[in-house]
Structure formats: C-alpha cells, structure tokens
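1. I'll drop the sequence and a predicted model, then ask my questions.
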Amino acid sequence: MLKTNKNVLIIALIAVVNMLGYGIIIPILYAYSKKFGLSDFQNGLLFASFSICQFISTPIIGRLSDKYGRRPMLLLSIIGTAASFFTMAIAPSAIFLFIARALDGLTAGNIPVAFAVISDSTKPEERPKAFGIIGASFSFGFIFGPAISALTLGFGENIPFIIAGVIALIAALVTFFYLPETNRHMGEVKHGKLFDFTRLWKTLFDPNVGFTFIISLVFFMAFSCAILYRFQPFTLKILNITPSQNSLLFTMFGIIGLISQTFLVQRFTKSLGMKKSFSLSLLFTSLSFVIMFFSRSLFVFVAASILLGIVNSVVQTLIPTLLSQEADAKSQGTIMGLNTSYQSIGMIIGPILGGVIATITIPLPFLVGSVLVLLCFFLSFNVLRPGIRRESAF
C-alpha cells in the first residue's frame, strides 16, 4: 500500500515525526514542570489543559477541513504543535507552560485530519490496513522519541523541546511540499455552527455512528484512568521498579504496538471480520486490566502489559476505521474531529476519576478501567449495524 498510495506514505511519515516529537517530551514533561515549582495538582491541570483545548478545537478543525481542505488545516495544526514545543523550550515561567500546552491543544487537529486524508485516499476494504500503518507509524515514533530525549537531556533541560519543535517543522515541510489536497467534496458539508455542543450530545444517539462514539469516549476514559494516570504510581510504589525500568516498559508498549498494528490488525480483521475483531479486542483489554489489578510481581504485570499492548492497538486502530465506514465521504473530517473531542472528554474525566479512586487503593483504577471497557464490549455489538441509513447528519 505504501508503494501504490503516496498519500498513505506521506501521512505515515508525518505520523512518525509527529509522534517522535511527543515521545521526546512526554517522559520529561512532569520533571520539567517541577522546575517551575508546580505542585502535583497543578501538574495535573497542565496535562488537562491540553485535553480541554483539544476537546474544543478538533471538531472545528475537522469541519473546516471538510469545507476548505485537509492540507491547510493539517499545516496549521502541525505549525501550532511546533510553536508550542518552542514556547516550552524558552518558557521563563510556569504560565508559559500552560500557554504552550493550550496552544498545542487548540491546534491539535493533525491526527483527525490525517485520518480524514486516509479515508479520502483509500477504499473501505483497504482502511483497516491503512489505519494500521498509521498506527504503526505512531508506535515507531514513540519507540525512538524517549530514546532521543534520554540522549539529549544531558545537554540542557530545554534541548529535547527544541528538537521536538524542529521535528514538527519537518512534518510541516513534508505536508507543504508533498501532500496534495485529498478532499474531493469541499463545500458540500451542511452549513452549521463550527462547534455545537447540542450536536456533540445528539451525535451520541446518531444511528450511524452513535455507538462507536460512545465506545470511543468510554474506552479512552478507562485507558486514561487506568494507564495514563496510575501506571507510574503502581509500578514505582507497588512493584518497586526503578524509573529506568519504567521507561523500558513504555518502550515495550511502543514496540508491541508497532508489531500489532503492522502485522496483526489486518490479519485479525481478515480472518475474524472487523466487528468480531473489535469486540474481542475490547474483551481482552478488560481482562488485561483485571490481571494488572491482581498482579504483585513484575513478571505477571509485564505479561498483562504485552496482552494490553496487542489488543489496545487493535481497538485504537479500528475505532477510526469503523467511523470512516459508518459516515459518508463528505463528512470524514467532521467525524474524525468529533471522535477526537470525545476522546478528549474521556482523557479529561479519566485522570480525575483515577486520582479519586486511587485514594482508596492504588491498584483500584485498573479494576474500574476493566469494568468500563467491559461496558464497551457489550456496546460493540451495535456498531456497523446493517440496514442503517447512510445519509450524513453532519
């Protein structure tokens, strides 16, 4: 596919350099913010500021890409990401960290717009493989990003942020010079508000995409509750591993995700069908969280993490794939933008939920995450329902 479809190749390259940037800053952002005197609560607000701004901006950028084209919106979002990294590198005070994360969130439309480019450029039967390639590209970038961060941090605390900014600018240049406009339905999207809270709520009940959106929201709530917020406290305080060993676990996630999205997603969907693959992956995600909840040895926890890395990659690849087939060609940017907003809501609620219930016991967020993903498993029986109308409501 990379040889025959230039757009998929370009988006894959953009995904690699994009995730390289994030992989560079994610492992050091917490420690970097501590230099400015932020408390753990303030640090949580710093992380949440990105998701809040992303929640607001991505449906707007997605809808604008339906009206005015993918290419200009993709360029705008990548340049905004680069500017946010450079702002963090030269930040004189904590307020500039918040400004940088808010700017990154407000222009964080590159992923849904990139997914819309894939929807524009592939046939429905090709999309599981195409989205798997893009997911593998993200994983590839996330494998090497933390390594770059570790190797360059000794030259200065702000150097990794500068490198991340330069990498984002490279992605912008690749987009500008090599990516053609793929939206063949510009201007055909229905007129309406750029951001409409009422529509955001009503979309959850849409017969085409409603169940998939609900699953996306609840799944990312569960994942951020169990993994993004509680993973490090659990491994450091319960399993008593070192920070360097913890970094190796994150690298392992990236490697497993790369293997899963490159070699397994297409095989699963081809042999089991997309719907059954999606449901089973959700069920095994729930199981992996249960194993993590009960695990008290590193071996058991790593085994559960490997299982999670495989099935989580399938779920996160198939969510945009399902949405691309449930919506019409005119509304791919809008759909992908709305999906990122629902994911942002989940990633706002999830860490707060995880922080509250972890006051009872540190492993409890894994069990809560398991229950939430099990709910997604039962909801998944309603995706890609035959006989549903295909006319877009967007």
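-> Thanks, I have it.

2. and stretch 313-332, how far out from the chain's middle?
-> Its chain's average C-alpha position is 14 Å from that of stretch 313-332, according to CA atoms, centre = their mean, to the nearest Å.

3. So which bits of it are buried?
-> The neighbour-count criterion (16 or more other CB atoms under 10 Å) identifies 313-328, 330-332 as the buried residues of stretch 313-332. In short, each C-beta sits where N, CA and C put it, glycine included.

4. Quick one: mean pLDDT for it?
-> Averaging the model's pLDDT scores along stretch 313-332 yields 81.

5. May I have that stretch exported as PDB, CA atoms only?
-> Listed next in PDB are the C-alpha coordinates belonging to stretch 313-332 (Å, rounded to 0.1, in the frame of the first residue of the first chain):
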ATOM      1  CA  SER A 313      -3.500  -1.400  19.300                       C
ATOM      2  CA  VAL A 314      -6.400  -3.200  17.500                       C
ATOM      3  CA  VAL A 315      -9.100  -1.200  19.400                       C
ATOM      4  CA  GLN A 316      -7.400   2.200  18.700                       C
ATOM      5  CA  THR A 317      -6.900   1.300  15.000                       C
ATOM      6  CA  LEU A 318     -10.400   0.000  14.400                       C
ATOM      7  CA  ILE A 319     -12.300   2.900  16.100                       C
ATOM      8  CA  PRO A 320     -11.400   5.400  13.200                       C
ATOM      9  CA  THR A 321     -11.800   2.600  10.700                       C
ATOM     10  CA  LEU A 322     -15.400   1.900  11.900                       C
ATOM     11  CA  LEU A 323     -16.200   5.600  11.900                       C
ATOM     12  CA  SER A 324     -14.900   6.000   8.400                       C
ATOM     13  CA  GLN A 325     -17.300   3.300   7.100                       C
ATOM     14  CA  GLU A 326     -20.300   4.500   9.200                       C
ATOM     15  CA  ALA A 327     -20.100   8.100   7.800                       C
ATOM     16  CA  ASP A 328     -20.300   9.300   4.300                       C
ATOM     17  CA  ALA A 329     -17.400  10.700   2.200                       C
ATOM     18  CA  LYS A 330     -18.400  14.300   2.700                       C
ATOM     19  CA  SER A 331     -18.000  14.300   6.400                       C
ATOM     20  CA  GLN A 332     -14.800  12.400   7.200                       C
END
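
6. Please name the residues that touch the nearest residue to Leu384 once chain neighbours are set aside.
-> The spatial neighbour of Leu384 that comes closest, neighbours along the chain excluded (CB to CB, 6 or more residues apart in numbering), is Lys275 at 5.4 Å. In this structure, Lys275 makes contact with 380, 383-384, judged by CB atoms under 8 Å, 6 or more residues apart in numbering.

7. closest to Ala82 among these?
-> The shortest approach to Ala82 among the contacts of Lys275 belongs to Val383, at 35.9 Å (CB to CB).

8. In contact with the closest one, which residues are there?
-> Taking CB under 8 Å, 6+ apart, we find Val383 in contact with 211-212, 215, 275, 278, 322, 326.

9. So which of those sit within helices?
-> With helices defined by DSSP state H, the entries of these inside them are 211-212, 215, 275, 278, 322, 326.

10. Out of these, which is nearest to Asn5?
-> Sorting the ones in helices among the contacts of Val383 by distance to Asn5 puts Leu322 at the head of the list, at 20.5 Å, by CB to CB.

11. and the nearest residue to that closest one once chain neighbours are set aside, what is it in contact with?
-> Setting aside the residues directly before and after it, Leu322 is nearest to Thr212 in space (CB to CB, 6+ apart), at 5.1 Å. Contacts for Thr212 were tallied using CB under 8 Å, 6+ apart; they are 319, 322-323, 326, 383.

12. For those residues, could you give me CSV that also reports distance to Phe144?
-> Supplementary listing: the contacts of Thr212 in CSV, determined by distance: CB to CB, whole Å:
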residue, distance to Phe144
Ile319, 25
Leu322, 30
Leu323, 29
Glu326, 34
Val383, 34
